[in-house]
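*Asks:* quick one, structure for this:
(chains A and B)
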Amino acid sequence: SQKIEQNSEALNIQEGKTATLTCNYTNYSPAYLQWYRQDPGRGPVFLLLIRENEKEKRKERLKVTFDTTLKQSLFHITASQPADSATYLCALPGTGFQKLVFGTGTRLLVSP
Amino acid sequence: GAGVSQSPSNKVTEKGKDVELRCDPISGHTALYWYRQRLGQGLEFLIYFQGNSAPDKSGLPSDRFSAERTGESVSTLTIQRTQQEDSAVYLCASSLLRDPFSGNTIYFGEGSWLTVV
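*Replies:* I've put the predicted structure just below:
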């Protein structure tokens, strides 16, 4: 069955460092992969989309890579700030490519 | 509207009662989704509406759950005979789906927090 895995343990880093979060998937051949941010008590917010023919995508301090051979995406936040503390979710298109299926998310904590 | 609007934002109900949760998608968005998120858990897909096509109900956990959508506007998620395990945030999202391969970015509401006591 299709499975999306994100590290369930919180990632703690110091301000200014680069945070790297991992999303692994099995039994998928996704046309694209997305990353969302979720703050406590709020709905997820879209951050970045990367297509299967793109190796890397950047947006300000964010960088996403997509390795379809390894079936893995890495999400990087450079020069991290305490305001980056949140849960980050990866999402893939499900059956029929229309519904999005989400990973369980990884909580990031950036300490001053 | 400016964003996806959900109501009520909080609902406490007694076990066995029925509840209705409402979602107003972003104007013009043809696709609408319901997800459930239990405390500390990931998002569970419940149901997906796209235009006049038959909805994808594959995520509904039991026949106590149903959802309707009026055209391309408001949707209502109904939970009958609520149980304590139904306690969760119910998130609605909408998107402007052009084609499945263009990248289906979805926009979430803030959710309806349901507590069954």
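*Asks:* show me the shaky parts of chain B.
*Replies:* Chain B contains residues with pLDDT under 70 at B:1, B:97-104.
*Asks:* change it to 90
*Replies:* In the predicted model, chain B carries pLDDT under 90 at residues B:1-2, B:28-31, B:39-42, B:50-54, B:56, B:58, B:70-73, B:95-106.
*Asks:* and the residue nearest the centre of it?
*Replies:* residue B:34 (2.7 Å; Cα atoms, centre = their mean).
*Asks:* how about the contacts made by that one?
*Replies:* Residues in contact with residue B:34, defined by Cβ atoms under 8 Å, 6 or more residues apart in numbering or on different chains, are B:23, B:46, B:47, B:48, B:67, B:75, B:77, B:90, B:91, B:92. In short, each C-beta sits where N, CA and C put it, glycine included.
*Asks:* which among those are in contact with chain A?
*Replies:* B:48, B:91 (Cβ under 8 Å from any Cβ of the partner chain).
*Asks:* now render the contacts of residue B:34 as TSV, adding secondary structure and distance to residue A:16.
*Replies:* Putting the contacts of residue B:34 into TSV (DSSP: H, G, I helix; E, B strand; the rest coil; distance: Cβ to Cβ, whole Å) gives the following:
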residue	secondary structure	distance to residue A:16
B:23	strand	40
B:46	strand	40
B:47	strand	43
B:48	strand	41
B:67	strand	46
B:75	strand	44
B:77	strand	43
B:90	strand	38
B:91	strand	33
B:92	strand	37
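*Asks:* reformat the contacts of residue B:34 as JSON lines; add distance to residue B:13 and neighbour count.
*Replies:* Listed next are the contacts of residue B:34 as JSON lines, based on distance: Cβ to Cβ, whole Å; neighbours: other Cβ atoms under 10 Å in any protein chain shown:
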{"residue": "B:23", "distance to residue B:13": "18", "neighbour count": "26"}
{"residue": "B:46", "distance to residue B:13": "18", "neighbour count": "22"}
{"residue": "B:47", "distance to residue B:13": "20", "neighbour count": "22"}
{"residue": "B:48", "distance to residue B:13": "25", "neighbour count": "26"}
{"residue": "B:67", "distance to residue B:13": "18", "neighbour count": "21"}
{"residue": "B:75", "distance to residue B:13": "19", "neighbour count": "23"}
{"residue": "B:77", "distance to residue B:13": "14", "neighbour count": "24"}
{"residue": "B:90", "distance to residue B:13": "12", "neighbour count": "23"}
{"residue": "B:91", "distance to residue B:13": "18", "neighbour count": "27"}
{"residue": "B:92", "distance to residue B:13": "18", "neighbour count": "28"}
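*Asks:* farthest-apart pair in the contacts of residue B:34, please.
*Replies:* Greatest spatial distance among the contacts of residue B:34 (Cβ to Cβ): B:48 and B:90, at 14.3 Å.
*Asks:* right, I'll leave it there.
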